[in-house]
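In: Please work out how this folds:
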Amino acid sequence: QVLPGLYVGSKSAADCLSLRGGELANRISHVLNCSRAPSALEREESRLTCLRLGLTDSGKDLEQIHDVIRQGVAFIDQAIECGGTVFVHCKK
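Out: Below you'll find the predicted structure:
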């Protein structure tokens, strides 16, 4: 937990949360996937609000990075303002 309502981890952590469930998995209402690869949590879209930013770990994203980061921050802000809990993850 980075801040109240905000968790950060890897794709592996997201996949484990989806498979194992538990208290934290049940509290998560929003998933922000910074990578292009889908996580297991995104398959639970019936109960979660998900946004995938589609970033790569390369310089290819430099031209769009500011707009994409703004979109991600707005997603987090909106979720927390509505009382949600956000899990943010990348590919690694």
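
In: how about stretch 75-86: buried residues?
Out: Neighbour counts over stretch 75-86 (16 or more other CB atoms under 10 Å) mark 75-76, 79-80, 84-86 as buried. All C-beta spots, glycine's among them, are computed from the backbone N, C-alpha and C.

In: can you list contacts of it?
Out: 4-7, 27-32, 49, 51, 88 (CB atoms under 8 Å, 6 or more residues apart in numbering).

In: try 10 Å
Out: 1-8, 24, 26-32, 48-51, 53, 72, 88 (CB atoms under 10 Å, 6 or more residues apart in numbering).

In: repeat for stretch 51-67
Out: 30-39, 42, 68-69, 71-72, 74-76, 79, 86, 88, 90-92.

In: Now, those that are in helices?
Out: Among the contacts of stretch 51-67, the ones falling in helices (DSSP state H) are 68-69, 71-72, 74-76, 79.

In: which one of these sits closest to Leu17?
Out: Nearest to Leu17 out of the ones in helices among the contacts of stretch 51-67 is Ala79 (CB to CB; 16.2 Å).

In: Are any of the contacts of stretch 75-86 buried, and if so which?
Out: Judged by 16+ other CB under 10 Å, buried ones among these: 5-7, 28-32, 48-51, 53, 72, 88.

In: so of the residues you listed, which ones are in strands?
Out: Among the buried ones among the contacts of stretch 75-86, DSSP state E puts 6-7, 30-32, 49-51, 53, 88 in strands.

In: so Leu51 bridges to which residues?
Out: For Leu51, the beta-bridge partners are Leu32 (DSSP bridges).

In: On the pLDDT front, check the nearest residue to Arg27 once chain neighbours are set aside for me.
Out: In space, and not counting its chain neighbours, Arg27 is closest to Thr85: 4.8 Å by CB to CB, 6 or more residues apart in numbering. You'll see Thr85 listed with a pLDDT of 96.

In: Report the contact partners of the spatially most central residue of the chain.
Out: Geometric centre of the chain, nearest residue: Leu32, 2.1 Å, by CA atoms, centre = their mean. Shown in contact with Leu32 (CB under 10 Å, 6+ apart): 6, 8, 49-53, 71-73, 75-76, 79, 86-90.
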